[in-house]
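Participant: Could you look at this predicted model? Sequence included:
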Amino acid sequence: MTKEQWGALQKQICDTIGQNNYKTWIEPLTFVGTDDDGVVTFKAPTNFFGTYVSQNFGDMLLAQLSRIDPTARRLSFDTHRGAAPSAPATEPSPKPAAAAAEPAKDSLPGAPLDARFTFDTFVVGKPNELAHAAAKRVAEGGPVTFNPLFLYGGVGLGKTHLMHAIAHELSTKNPHLRVLYLSAEQFMYRFVQALRERKMMDFKEMFRSVDILMVDDVQFIAGKDSTQEEFFHTFNALVDQNKQIIISADRAPDEIKDLENRIRSRLQSGLVVDLHPTDYELRLGILQTKVEMYRDMYPGLILEDGVLEFLAHRISTNVRVLEGALTRLFAFASLVGKPINMDLVQDSLSDVLRASERKISIDEIQRRVAEHYNIRLSDMIGPKRVRTFARPRQVAMYLCKQLTSRSLPEIGRRFGGRDHTTVMHGVRRIEELRVADGQIEEDVEMLRRALEA
Ligand SMILES: Nc1ncnc2c1ncn2[C@@H]1O[C@H](COP(=O)(O)OP(=O)(O)OP(=O)(O)O)[C@@H](O)[C@H]1O
């Protein structure tokens, strides 16, 4: 993103958050640049200022920025005076200090911490409770019990969030602790730079001087032999000194190809925990937490029932995408001055919904529902209107509406050529019965889970 593009965006941001907020919090920021990791850096007047903007306007800013620059992933607020202008995209720029972490002694060349990624903002559910508990334990900062802590899981499930949360908590408890967080790619970059500049001694000394080392996305060093070698030595030196190491990756150690065996076994020698794909309840919980935050930011905006449930159903892959969708909805609603309802969802999120479209088919739903109610598929689709067939048919129609993106006429056609008004009636009926009839509610939930599994 260029300075000019940022200039143009500011107008939009002002419209979104209002003149007062804009003048107080956004105008004083200076755009510095975006690096290869998608970190967008601003110069902020003070540390507090950067933290405040990040916590209160971070999501909105990121959503606006990512419309112009889809690589934008994180914000960083640099409070150093005379910060370097943005570096050319091919050359990783020196990382600015974290917005929330206090620099300890001389500053470490880590990546910025995101001030929003704390334990307070992390929603715990079944899929991530073990990872959360392990992270919490490490953040207590007591004697090192498992080393390393190895967190793994798919894209956008909260690995980085947990690592930053540990770093924040440890730095808050003990501001003198030397906590270094960086990606494996940055580790390699520092290593190559040290080789090139003949500063290997400095490199080794610096990495061995940290109290806590966190390396994100370690799968990156697979197949990169000399980086692996150096990583191995760093790792051993720190473990020998009883210093805590926290590693993340997108898969388990034994699934990372082209990783030396001795490194693999080192990575497995502590506690290996995975973040499972989110379930519906966790996604809904995350959305509800975010909404609380947005209510302060956009007072007066109406959020209609069912919207969060719909998003939690439909966007199931990645929490980042889920959050982005909500941010976009709020920003859009405040721009056009309308309530957040299903019409707005369709208008403003059609691309996200298309991309996250489920692979669940109408056939599959019909088959599962027929099995569940112990009726023949032909009876579900056929013309008979007795309740034994009509109710399962309505449940199936309802699930088709919820779990696929098919239109009502299309669903009608697939149910023996019925009219779309029949489908609509069926869907409404099940909506009513879900509230009034516990058995139907249980059936629908069970079927939905089975279909989504
Ligand atoms: N349980 C959760 N509660 C609240 N927010 C969450 C949770 N899980 C993920 N998020 C949010 O989702 C976004 C993506 O999370 P994060 O960057 O930690 O993912 P990741 O696992 O490191 O993914 P990647 O592999 O892409 O780096 C962040 O904004 C994070 O705050």
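Facilitator: Cool, the structure landed.
Participant: And the helices in the stretch 301-450 of the chain, which stretches?
Facilitator: 307-314, 319-336, 342-348, 350-355, 362-373, 377-381, 387-403, 408-414, 420-436, 438-452 (DSSP state H, counting those that start in this stretch).
Participant: I'd like those helices as JSON lines, with distance to the ligand and mean pLDDT appended.
Facilitator: Glycine gets a C-beta too; all of them are placed from N, C-alpha and C. Shown next, in JSON lines, are the helices of the stretch 301-450 of the chain (distance: least, CB to the nearest ligand atom, whole Å; pLDDT from 0 to 100):
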{"stretch": "helix 307-314", "distance to the ligand": "13", "mean pLDDT": "92"}
{"stretch": "helix 319-336", "distance to the ligand": "3", "mean pLDDT": "89"}
{"stretch": "helix 342-348", "distance to the ligand": "19", "mean pLDDT": "91"}
{"stretch": "helix 350-355", "distance to the ligand": "15", "mean pLDDT": "81"}
{"stretch": "helix 362-373", "distance to the ligand": "29", "mean pLDDT": "94"}
{"stretch": "helix 377-381", "distance to the ligand": "38", "mean pLDDT": "93"}
{"stretch": "helix 387-403", "distance to the ligand": "23", "mean pLDDT": "95"}
{"stretch": "helix 408-414", "distance to the ligand": "33", "mean pLDDT": "94"}
{"stretch": "helix 420-436", "distance to the ligand": "27", "mean pLDDT": "95"}
{"stretch": "helix 438-452", "distance to the ligand": "18", "mean pLDDT": "89"}
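Participant: Looking at those, spot the one closest to K23.
Facilitator: Nearest of the helices of the stretch 301-450 of the chain to K23, taken as CB to CB: helix 319-336 at 17.1 Å.
Participant: interface residues of this protein facing the ligand?
Facilitator: 117, 121-123, 128, 153, 155-161, 250, 286, 319-320, 323 (CB under 6 Å from any ligand atom).
Participant: go again using 8 Å as the cut-off
Facilitator: 73-74, 114, 116-117, 121-125, 128, 132, 153-164, 216-217, 248, 250, 275, 278, 282, 285-286, 289-290, 318-320, 322-323 (CB under 8 Å from any ligand atom).
Participant: Please flag which of the residues you listed sit within helices.
Facilitator: 132, 159-164, 282, 285-286, 289-290, 319-320, 322-323 (DSSP state H).
Participant: List the contacts of A222.
Facilitator: 228, 256-259 (CB atoms under 8 Å, 6 or more residues apart in numbering).
Participant: Buried among these? Make that a ChimeraX selection.
Facilitator: Provided next is the ChimeraX selection string for whichever of the contacts of A222 are buried by 16 or more other CB atoms under 10 Å:
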select :228,256,259
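Participant: Out of the contacts of A222, flag the one nearest to the ligand.
Facilitator: Within the contacts of A222, distances to the ligand taken as CB to the nearest ligand atom reach their minimum at I256, with 13.6 Å.
Participant: Contact partners for the spatially most central residue of the chain?
Facilitator: With distances taken as CA atoms, centre = their mean, R320 lies nearest the centre of the chain, 3.1 Å away. With contacts defined as CB under 8 Å, 6+ apart, R320 is in contact with 73, 155-156.
Participant: what ranges do the strands span in this protein?
Facilitator: For the chain, the strands defined by DSSP state E cover 30-34, 39-43, 74-78, 149-153, 179-183, 212-216, 244-249, 271-275.
Participant: Compare those and say which comes out lowest on pLDDT.
Facilitator: Lowest mean pLDDT within the strands of the chain: strand 74-78, at a mean of 86.
Participant: what's around L311, how many residues?
Facilitator: L311: 23 surrounding residues under other CB atoms under 10 Å.
Participant: pretty sure F77 contacts V53?
Facilitator: Yes. The pair F77 / V53 is scored as a contact, 6.6 Å apart, by CB atoms under 8 Å.
Participant: Using ChimeraX, define a selection of the buried residues within the residues of the chain next to the ligand.
Facilitator: Of the residues of the chain next to the ligand, the buried ones go into a single ChimeraX selection, burial set by 16+ other CB under 10 Å:
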select :73,74,114,116,117,121,122,123,125,128,132,153,156,157,158,159,160,161,162,163,164,216,217,248,250,275,278,282,285,286,290,318,319,320,322,323
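Participant: follow-up on the earlier one: same list (the strands of the chain) but as CSV, adding distance to F415.
Facilitator: Shown next, in CSV, are the strands of the chain (distance: least, CB to CB, whole Å):
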stretch, distance to F415
strand 30-34, 50
strand 39-43, 49
strand 74-78, 46
strand 149-153, 39
strand 179-183, 50
strand 212-216, 48
strand 244-249, 45
strand 271-275, 39
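Participant: Of those strands, which is nearest F49?
Facilitator: So among these, strand 74-78 is nearest, using CB to CB, at 7.3 Å.
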